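Chemist: could you work out the structure for the sequence below:
(chains A and B)
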There are 2 protein chains.
Amino acid sequence: MSEKDGLVSRSEDFNEWYNSLVLKTDLADYGPVRGTMIVKPYGWTLWENIQRALDNRFKATGVENAAFPMFIPTSFLEKEAQHVEGFAPELAVVTHGGGQELSEPLAVRPTSETMIGHAYANWIQSYRDLPLLLNLWNSVVRWELRTKLFLRTTEFYWQEGHTAHATAEEAAERTRMMLDVYDDMARTEAAIPAFTGEKSALERFAGAIHTYALEAMMGDGKALQSATSHNLGQNFARAFDIQYLDPNNERQYCWTTSWGLSTRFIGAIIMTHGDDQGLVLPPRLAPYQTVIVPIYRKDTERTDVMAAVEQIKQALAAAGVRVKVDDRPQLTPGYKFNDWELRGVPTRIEIGPRDVAKNSVALARRDIPGRDGKQFVPQAGLAQAVTDLLADIQAGMLAKATQFRDDNTQDVADYAGFKTAVSTGFARVWWAGDNVAELKVKEETKATIRCFPFDQPGGTGTCFYTGQPAQQVAIFGRSY
Amino acid sequence: MSEKDGLVSRSEDFNEWYNSLVLKTDLADYGPVRGTMIVKPYGWTLWENIQRALDNRFKATGVENAAFPMFIPTSFLEKEAQHVEGFAPELAVVTHGGGQELSEPLAVRPTSETMIGHAYANWIQSYRDLPLLLNLWNSVVRWELRTKLFLRTTEFYWQEGHTAHATAEEAAERTRMMLDVYDDMARTEAAIPAFTGEKSALERFAGAIHTYALEAMMGDGKALQSATSHNLGQNFARAFDIQYLDPNNERQYCWTTSWGLSTRFIGAIIMTHGDDQGLVLPPRLAPYQTVIVPIYRKDTERTDVMAAVEQIKQALAAAGVRVKVDDRPQLTPGYKFNDWELRGVPTRIEIGPRDVAKNSVALARRDIPGRDGKQFVPQAGLAQAVTDLLADIQAGMLAKATQFRDDNTQDVADYAGFKTAVSTGFARVWWAGDNVAELKVKEETKATIRCFPFDQPGGTGTCFYTGQPAQQVAIFGRSY
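Modeler: Okay, the predicted model is just below:
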């Protein structure tokens, strides 16, 4: 690549590395309206693969998809007091339609709990209608001041699940179940080992009684909240009058939940695995799992090489490998190697006249750049070799990310240790502070409670900040 | 079904039949904002099946998916003169964001040609970047006064494809190719035999030089425009400065196209195939292809019946049949038969204790209601029998719809014959009129030119209306 196209190194300027990488790899571009994003085919295919991985898991738990309107009467948002307080400052508001001023302004949905509340109140009559388990794939709008592609944009793409239940227990179980679904998808598909746990009261979703989250550690040691699941108790059921007749013919309020994962997760993939050479995409989600680069000079060479390429491509596709042939005539093989490395394609197959003669290819792995990651393998059985290598890369990426996360998560007992820990990663500490204490820590260190992890040591300890006896440990970190 | 739940007969009141059917079958519901629609799981699954059928076909032609922001600066819309004239009266406008009045109001996209124009102008540099072939799955907003679920709603779901080409020929070819893709999907998947052809100048998309359409005949003889493909010439390329350097290093304007199919197509499916008993869904798109209704009175019967049901369900699912078991305990088999008939599930399997004893089931087909459509078949080989029956139903539905369309499309030579023809279906006539004549015919008969069909008789004729020599035939009909 020319110097002008070069990527700033990750260690040098993580933020600039991220921003330029997203643009250079054609994942996304800025939209013309401040804070908006165009997701380009490479990024959208990655999102489609994430969608499929999640959608299958949702459906396996009995969830069905549906679609709800994007326009929400502003009066709906005002029905749940905490909810409107949380979202009112971020709304985009439609005031005119069809050339007329509207009698009631409409919010473009920032999230659909209120619209769902309205519909569920109409639809649910009896306990036989429960549980009601719906998911929506759509985009939502939140007027953000500081935006960053994938991580925080005015409009973003996500799924939002909304369920209604007859009992508090069922709602609690569903909330945790969906966080487990996210965690399983993140680990299995994206090779992202996040901490899972409950958010503090300060960080809770506006209107929830419990919010659970996936908190992943990025390559710079900062935290990225990568998915959330909310137990809404009866807050929205009471605000929207979602009631059912129980088997004794008595009216009861429902218990509801909501849960979401957004295109922000693409940011998590980039920042968990990327390196100085660019993206490193997990094989199970990568738009292309392998790219074939033909190498030739003369036309006669070209014929032989392309015949072999075609055969290999067919064999790989038949084995279910997502394969791309880079036959752009105007570019050199060297340029293509760099280009696909930048784009994070997990494996690369190089084939030239000598490889054709030897019935072999060069097979390179993205997670180990350079010669160490390159081997020569026979064309016979190549599809199996690639499939095995992809599985090996996937496992290696999860192991590496887990190691990094653990190396940079420190159990500390005092404030000095805490400050050191959160300057490079996470601090795990006993915590007995209140909201005021939490805000004070944030003010002093920029670190916030990412979650109270489900994985607790047990017993009690001493709060590193207040010195009071503490019932649980919290994970603190600086966050995106 | 109780009388109160009964469906008005189709012949009695087609409009009321349609409206109540959509609601009763849980395809969709009204949203709280006038003209908006909630697509419920049964309707959304139907849409997902349409999406998959189209998406595979798009990708086979080299199209990739992407996502563009919903907010379009109103100044963008003004860049193409005809486009703004066509869409300005229907816009929803965001004037406030994050509590502030915006310096420039934003339109919620009614369609994305302008947004695409802006992006393509940035992205396309050289002939090597062409063709650029993108598709978006999203929703758009048009402020409609008279709305009807699926057919015309303020917000609707669709795909919009947008391509840019180096030559006029390529753009022309792509425009026709995508109409062929729609036609193939409609016939093969939805059993809808539409007329394909070019729209008249009056009915052209705002900003296009040619608009082609699928014009399907509904069960009441009216036309439904079911998909469109637009050759935009260089209109948007010039308005947005989409230029490329050709191989001689000279700047050229691109040629662009756009094409779309929306949730309106669900309305086409309902109104093409539905009958007095309710929906009749084409097997290839139906959310459930078969429903199993267990029949039993005693608990001992239940055990045996449900064991057989489970086995049959597994066998069908393994054969790729989308199968639903209706084990709702509080409902009678008779109620369930009616319910699934209403919902248009193509086949129904009934199994009771006597069927278990005989290792057989009753297999009913939705397209032939009552006893004539019911047969007793052995459980051994049932999956194959169902698969064959589904293929038979699919073919039968296409044949029936084609017959109906042809029976109700009349070649007529004079105005009296024309008026008779369009009172029950389509009129195919030689046409040499201008826009004024076309509007006059519409005023007098409510019929409009649905298309100039690609399938032309050849030669020339005499215009039924003006008496002038005519070069081509047009198909007229009353439309939704």
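Chemist: over to the residue nearest to A:A171 when sequence neighbours are not counted: give its phi and psi.
Modeler: Leaving aside its sequence neighbours, A:A171 sits nearest to A:W255 (CB to CB, 6 or more residues apart in numbering or on different chains; 3.6 Å). C-beta coordinates here come from the backbone N, C-alpha and C atoms, glycine included. For A:W255, the backbone dihedrals are phi -120, psi 130 (criterion: degrees, to the nearest 10).
Chemist: how far away is A:W255 from A:K199?
Modeler: Distance, A:W255 to A:K199, by CB to CB, to the nearest Å: 19 Å.
Chemist: please say which of those two ends up with more neighbours.
Modeler: A:W255 (28 against 22; other CB atoms under 10 Å in any protein chain shown).
Chemist: what does the one helix or strand in chain A whose mean pLDDT sits lowest rub up against?
Modeler: In chain A, no helix or strand scores lower on mean pLDDT, DSSP states H and E than helix A:81-87, which sits at a mean of 87. The contact list for helix A:81-87, computed with CB atoms under 8 Å, 6 or more residues apart in numbering or on different chains, reads A:77-78, A:110-111, A:113-114, A:142, A:205-207, A:235-236, A:239.
Chemist: quick one: is the helix or strand just after that helix near chain B?
Modeler: Next in sequence after helix A:81-87, counting helices and strands by DSSP states H and E, comes strand A:92-97. Yes: Strand A:92-97 comes into contact with chain B (CB under 8 Å from any CB of the partner chain), by way of A:92-97.
Chemist: nearest to B:A395 among those residues?
Modeler: A:G97 (44.9 Å; CB to CB).
Chemist: now do the contacts for the closest one.
Modeler: So, once contact is read as CB under 8 Å, 6+ apart, A:G97 ends up touching A:106, B:91-93, B:143, B:154.
Chemist: quick check, nearest of those to B:T402?
Modeler: B:T154 (34.0 Å).
Chemist: that closest one contacts B:V141, doesn't it?
Modeler: Yes: contact criterion CB atoms under 8 Å: B:T154 and B:V141 qualify, at 6.0 Å.
Chemist: return the residues in contact with the residue of the stretch 151-300 of chain A found nearest chain B.
Modeler: Going by CB to the nearest CB, chain B is nearest to A:E155 of the stretch 151-300 of chain A, at 5.5 Å. For A:E155, the contact set (CB under 8 Å, 6+ apart) comprises A:31, A:35-37, A:139-141, B:69-71.
Chemist: could you do A:E48 as well?
Modeler: Counting by CB under 8 Å, 6+ apart, A:E48 touches B:N65.
Chemist: which positions in the helix or strand hosting it come out as buried?
Modeler: Assigned by DSSP H and E, A:E48 belongs to helix A:41-60. Buried residues in helix A:41-60, defined by neighbour count with 16 or more other CB atoms under 10 Å in any protein chain shown: A:41-50, A:53-55, A:57-58.
Chemist: let me see the domain layout of chain A.
Modeler: For chain A, the structural domains run A:3-273, A:290-392, A:410-477, going by automatic domain parsing.
Chemist: just name the most buried of those.
Modeler: domain A:3-273 (a mean of 20; mean count of other CB atoms under 10 Å in any protein chain shown).
Chemist: can you pull the contacts of the closest residue to A:K79 other than its chain neighbours?
Modeler: Using CB to CB, 6+ apart and skipping residues adjacent in sequence, the residue nearest A:K79 is A:A239, 4.3 Å away. With contact set as CB under 8 Å, 6+ apart, A:A239 has these partners: A:79-80, A:83, A:114, A:117.
Chemist: confidence score at A:A239?
Modeler: pLDDT recorded at A:A239 is 96.
Chemist: repeat for A:D5
Modeler: A:D5 is given a pLDDT of 59.
Chemist: report the angle between the helix or strand hosting A:T257 and helix A:41-60.
Modeler: Counting by DSSP H and E, the element that carries A:T257 is strand A:255-262. Counting by axes from the mean of the first three to the mean of the last three CA atoms, to 10 degrees, strand A:255-262 lies at 150 degrees to helix A:41-60.
Chemist: phi and psi next, for the closest residue to A:D180 other than its chain neighbours.
Modeler: Once flanking residues are discounted, A:D180 sits nearest to A:T196: 7.9 Å by CB to CB, 6+ apart. Note on A:T196: backbone dihedrals following degrees, to the nearest 10 are phi -120, psi 140.
Chemist: OK, contacts around A:T196?
Modeler: A:179-180, A:183, A:212-215, A:451, A:453-455.
Chemist: now do 6 Å
Modeler: For A:T196, the contacting residues are A:179, A:183, A:214, A:454, by CB atoms under 6 Å, 6 or more residues apart in numbering or on different chains.
Chemist: which stretches in the stretch 201-350 of chain A count as strands?
Modeler: Ranges of strands within the stretch 201-350 of chain A are A:210-217, A:223-231, A:243-245, A:251-253, A:255-262, A:290-294, A:323-325, A:347-351, based on DSSP state E, counting those that start in this stretch.
Chemist: same check on the stretch 1-150 of chain A?
Modeler: With DSSP E, counting those that start in this stretch as the criterion, the stretch 1-150 of chain A has strands spanning A:28-30, A:37-39, A:64-65, A:71-73, A:92-97, A:100-108, A:132-141.
Chemist: what about the fifth one, distance to the chain center?
Modeler: The gap between where strand A:92-97 is centred and where its chain is centred comes out at 30 Å by CA atoms, centre = their mean, to the nearest Å.
Chemist: as PDB, could you dump the C-alpha coordinates of that strand?
Modeler: Extracted in PDB, the C-alpha atoms of strand A:92-97 (Å, rounded to 0.1, in the frame of the first residue of the first chain):
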ATOM      1  CA  ALA A  92     -35.800  13.300  16.500                       C
ATOM      2  CA  VAL A  93     -39.200  14.800  16.100                       C
ATOM      3  CA  VAL A  94     -41.500  14.800  13.000                       C
ATOM      4  CA  THR A  95     -43.700  17.900  13.100                       C
ATOM      5  CA  HIS A  96     -44.900  18.000   9.500                       C
ATOM      6  CA  GLY A  97     -46.500  15.300   7.300                       C
END
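Chemist: can you pick out the most distant pair from the contacts of A:T196?
Modeler: Longest span within these, CB to CB: A:L214 and A:F454, 11.2 Å.
Chemist: next, the angle strand A:290-294 makes with the biggest helix by length in chain A.
Modeler: Criterion DSSP state H: the longest helix present in chain A is helix A:382-407. For helix A:382-407 against strand A:290-294, the angle by the same axes, to 10 degrees is 130 degrees.
Chemist: next secondary structure element downstream of helix A:382-407?
Modeler: strand A:409-411.
Chemist: determine how far that following strand lies from the middle of the whole chain.
Modeler: Centroid separation for strand A:409-411 versus its chain: 24 Å, with CA atoms, centre = their mean.
Chemist: interface residues of the stretch 1-150 of chain A facing chain B?
Modeler: A:31-33, A:36, A:38-41, A:44, A:64-69, A:71, A:89, A:92-99, A:118-119, A:143 (CB under 6 Å from any CB of the partner chain).
Chemist: what does the strand holding A:T257 contact?
Modeler: Against strand A:255-262 from outside (CB under 6 Å, 6+ apart): A:113, A:156, A:158, A:160-165, A:168, A:171, A:174-175, A:178, A:182, A:227, A:229-232, A:234, A:236-237.
Chemist: same deal with stretch A:201-219?
Modeler: Contact with stretch A:201-219 is made by A:80, A:82-83, A:86, A:179, A:182-183, A:186, A:192, A:194-196, A:198-199, A:223-233, A:235, A:268, A:271, A:405, A:435, A:438, A:450-451, as judged by CB under 6 Å, 6+ apart.
Chemist: kindly export that stretch (C-alpha atoms) in CSV.
Modeler: What follows is stretch A:201-219, C-alpha atoms only, in CSV (Å, rounded to 0.1, in the frame of the first residue of the first chain):
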residue,chain,number,x,y,z
ALA,A,201,-28.7,1.6,39.2
LEU,A,202,-27.0,4.5,37.5
GLU,A,203,-26.5,2.6,34.3
ARG,A,204,-29.8,0.9,34.2
PHE,A,205,-32.1,1.3,31.2
ALA,A,206,-34.7,4.0,31.6
GLY,A,207,-37.7,2.2,33.0
ALA,A,208,-36.1,-1.2,33.9
ILE,A,209,-35.8,-2.8,37.3
HIS,A,210,-32.7,-4.8,36.3
THR,A,211,-30.4,-4.4,33.3
TYR,A,212,-27.9,-7.0,32.4
ALA,A,213,-25.1,-6.6,30.0
LEU,A,214,-22.2,-8.0,28.0
GLU,A,215,-19.1,-6.0,28.8
ALA,A,216,-16.3,-6.7,26.4
MET,A,217,-12.7,-5.5,26.7
MET,A,218,-11.4,-3.8,23.6
GLY,A,219,-7.8,-3.9,22.4
